[in-house]
Every structure is written in structure tokens, then in C-alpha cells.
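sequence first, predicted model second:
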Amino acid sequence: MKDAYARELVFFLHIQKTAGMTLQELLRKNLGRAPLPRLWDFISGNSGEGLPMAEAVRRLQKSDRLFMGHFGYGVHRHYPFGSSYITFLREPASRLVSLYYFSRTTPGSFYHAIARDRSLEEFLFKTQLHELDNGMTRQIAGDKEDLFLSRVPYGECDEALLEAAKANIERDFLFVGIQEYFLESVCLLSRTLRFRNPYYLTFNRAKKSRPETGKVESLHRRLREKNDLDCRLYQHYRSKFEEALARINRETPDLFSEYARKNEAHQARLRRGYRIRIRLRRILEGLTSRKRSIRPEAQ
């Protein structure tokens, strides 16, 4: 992966059901435009909201620092200045189960119309959505004709796609976080991108019902078999991440515990400020949702 951040534009390649709102808020706070300037851009017509993705990227200025959304590798080709990618990975079977429950219960989500009347197994094994067939690998490998994910026919992903995803990460990504090591990932990402305010607030969400334990194990096994490339991609970068953690814990044993302590103190002091920020952002997103017809949002 890239070894230095040049304060260039960061493309947050957001894979669904990884990282989530907590990380998006942290990125906006440190790299993005504030809600009121974004609102003014919308009112004045200077926003990229509602434009095709390629055009929205072309509108970005050299001074911009963040563009995030559910796009795939390759959007940087429409940006004439320097840029880097970041992303988070998650254990593939858990991610896909989470995607189903989110899609089924969230009107307006990408796959709500498909998931709402289907069972878990019908959604995961019979809908033949590209997202459900090694979706992480597809998104990071990219596609010359599609700015969301690779359009290799369903069920035909091969070793070349996995190698393309790895090559893209090694060449153009500054950071790959691991969902299961969220606090450690955010701590290291904040150091990589030199955040002035590296602390985040987690808003707990109600847990949705899940299959019984025995069914979960069987379902996860089938999902891993079906998404072998995603499993290998995830395990490769999780292993690298764990090696980095072990090295850091030897060299700076208190880094993560101290970060956790300060982050907790930050939450206690600024919880109210975060809620105000989120309310403002939701108001802005409500105003722009009528015009939005693309997957990502320019920041």
C-alpha cells in the first residue's frame, strides 16, 4: 500500500455494511466540508448532488479532501489531481447477513425492494445480485465500464479478479481497515491521515433478530464457499493488519488503550455537539435526496 499521505483527495470506497455512519462522521469532521457550506452549495447550484458519478467527481476541486460513497475502484480516473483510496473490509458471511437485514428493514436502501419480501436464504442465494457474489473483491477490482463494481458475470469471478483487487490496493490505497478491529483501525487511520480530531462517537443501534446458532453456522459456511475470493481477500489483509498490530503493541504498548481512554472522554464531553452535527447533516441530506440519483455523495 501507499506509505505516505500527501494531503490529497481521499476516496473512501465504502463497502456496504462496513465501518458505517461512525466512520463517515469522523471523515466528514476532519476532511469534508461542514454542513452549512454544503447546504449553501446545494442552494446555489454548485453541489455535485444528483449528477452522474463521473461528472460529480470531475467537479471536485484540487482543494477538496474527501469523496465517499458506495462506488468502485476507478473513479479517480475522472479526477485530474492526486488522490488515494481508503476502505474497510469485514468478514464476508457476517457482512452479507447484515446487508440482508439492513436492506429488508430500511426503505430507501439499495436492495430494499428485493429483500423486503424474501427470506434470508432467498435473498442471499437466489437473487443473483453481483453484490452477493464476491462483492468486496468486485468493488475493489473495479470495472472500466462501471463505476460501482466489476460486472464479471454472476458466478464467474476468478483468480484474476482477486489479483486485480490486491494490485489496486497495493498501488493506490493508503489504508485498509478491518471492521472487527474497529477501534484499532480508526486509531491507525487517524494517524495515517493526520486527523486533528481523531475521536469518534458510536451511536448504538437496536439489534435485529438473527437465525438460530446452528443455522448461522451452516449459512455462514455456504456463504464463505460462494464468496471464496472475498474470504481470501479479507483474510489476506486481516493477517497483514494483525501483524501490524503486533508490531505496534511491541513498540508502543499503550497506544490503543490510551486512544480508547481519550476517545471515551471525548464522547462524554462532546456527545451533544455530535448530535447537533448529525441533525444538520440529516436536514441537508433530506434536502438533497430529491435530486440524488447516484450511489455516492461528494463531500
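Arrived safely.

in the stretch 101-250 of the chain, which spans are strands?
Under the criterion DSSP state E, counting those that start in this stretch, strands of the stretch 101-250 of the chain are mapped to 173-178.

where in this protein is pLDDT low?
Confidence mapping of the chain against pLDDT under 70 gives the ranges 34-50, 203-214, 270, 273-275, 277-278, 281, 284-299.

again, only this time at 90
Under the criterion of pLDDT under 90, the regions of the chain flagged as low confidence span 3-4, 6-7, 19-22, 25, 29, 32-52, 200-216, 265-299.

contacting residues around K262?
Contacts for K262 (C-beta atoms under 8 Å, 6 or more residues apart in numbering) come out as Y199. In short, each C-beta sits where N, CA and C put it, glycine included.

mind listing what's buried in stretch 87-94?
Residues of stretch 87-94 classed as buried by neighbour count (16 or more other C-beta atoms under 10 Å): 87-93.

actually stretch 242-261, not the one I typed
For stretch 242-261, a neighbour-count test (16+ other C-beta under 10 Å) marks 245, 255-256, 259 as buried.

which among the buried residues of stretch 87-94 gets closest to L23?
Using C-beta to C-beta, F88 is the member of the buried residues of stretch 87-94 that sits closest to L23, with 7.1 Å.

so which of the buried residues of stretch 242-261 are in helices?
Judged by DSSP state H, the subset of these located in helices is 245, 255-256, 259.

I'd like these laid out as TSV, including distance to K62.
Compiled in TSV, these are given as follows (distance: C-beta to C-beta, whole Å):
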residue	distance to K62
L245	35
L255	33
F256	35
Y259	32
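
tell me which two of these sit farthest apart.
Comparing every pair within these by C-beta to C-beta identifies L245 and Y259 as the most remote, at 12.6 Å.

what do those two both touch?
Common neighbours of L245 and Y259 are not found (criterion: C-beta under 8 Å, 6+ apart).

could you give the bridge partners of the residue nearest to F175 when sequence neighbours are not counted?
Here the nearest residue to F175 in space, its sequence neighbours aside, is I86; by C-beta to C-beta, 6 or more residues apart in numbering that works out to 4.5 Å. With DSSP bridges applied, the residues forming beta bridges to I86 are F12, F175.

wait, I86 touches S185, no?
No - because the distance of 10.1 Å does not satisfy C-beta atoms under 8 Å, I86 is recorded as not touching S185.

overlap in contacts of those two?
Common neighbours of I86 and S185, using C-beta under 8 Å, 6+ apart, are G177.

the two: which has the busier surroundings?
Ranked by neighbour count (other C-beta atoms under 10 Å), I86 and S185 place I86 first, with 24 against 21.

tell me the spacing between the more buried one and E258.
Counting by C-beta to C-beta, to the nearest Å, the gap between I86 and E258 amounts to 23 Å.

ok, Q24 next?
Note on Q24: its distance to E258, by C-beta to C-beta, is 25 Å.

what's the straight distance from one end of stretch 148-164 to the other?
Taking C-alpha to C-alpha, to the nearest Å, the first and last residues of stretch 148-164 lie 15 Å apart.

fine, thanks again, bye for now.
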